[in-house]
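Asks: any chance you can model this:
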Amino acid sequence: VSTQSTGNHMYRSPVNLSLTPEMQRLGGLTEEALQTHFDEFFEDIYVELVDKYGPIEELNICENLGDHLVGNIYVMFKREEDAQKAVDGLNNRWYNGQPIYAELSPVTDFREACCRQHETSECTRGGYCNFLHVKAASREMRHSLGVDTYGKGRHVAGGKRRDRSPRRDRRRH
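Replies: Prediction:
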């Protein structure tokens, strides 16, 4: 049995900052900077979830901009008890200066919730689409963590796993 737990509004994309007049005046952010920011977040979340709560089958991080989906994370754990343990543990936590709101989800397959047009880079609704726009970690990050993808960004567990990258400064707020 696979059970999902969700964390609402955890991923804070710098894209939201780039929409402000000040960031537009400064020229916004490069695609490379955005991907690096996301990879660091992905690694941090993936490693912590696996280390503290157990093996996961799938990790989906939304890059939608609409209020009801922005920054949401959907995790499918291999064991139901691990999903419950994650919900219990995460609801007492803060990430990036914000409380985490986690809950169990009855959804067992997110393929139907993902925007197929986004997966082929053809979604005309952009970040405000009501279907999930799942952001993909870079190939290098997925390889270093042993994670595969289905579609554009649905991350599924691979064989190997390693500790956090030693090259990055890890600060918790």
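Asks: residue boundaries of the helices in the protein?
Replies: Applying DSSP state H to the chain gives helices spanning 14-18, 21-25, 31-53, 80-90, 116-119, 139-145.
Asks: export those to a markdown table and tack on mean pLDDT?
Replies: Formatted as a markdown table, these follow (pLDDT from 0 to 100):
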| stretch | mean pLDDT |
| --- | --- |
| helix 14-18 | 58 |
| helix 21-25 | 53 |
| helix 31-53 | 90 |
| helix 80-90 | 94 |
| helix 116-119 | 74 |
| helix 139-145 | 89 |
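Asks: relative to residue 129, which of these is closest?
Replies: Residue 129 sits nearest to helix 116-119 of all the helices of the chain, at 6.8 Å, using Cβ to Cβ. In short, each C-beta sits where N, CA and C put it, glycine included.
Asks: buried ones in that closest one?
Replies: 118-119 (16 or more other Cβ atoms under 10 Å).
Asks: still on that earlier bit, can you lay out the helices of the chain as CSV showing distance to residue 130?
Replies: Formatted as CSV, the helices of the chain follow (distance: least, Cβ to Cβ, whole Å):
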stretch, distance to residue 130
helix 14-18, 18
helix 21-25, 26
helix 31-53, 22
helix 80-90, 24
helix 116-119, 11
helix 139-145, 27
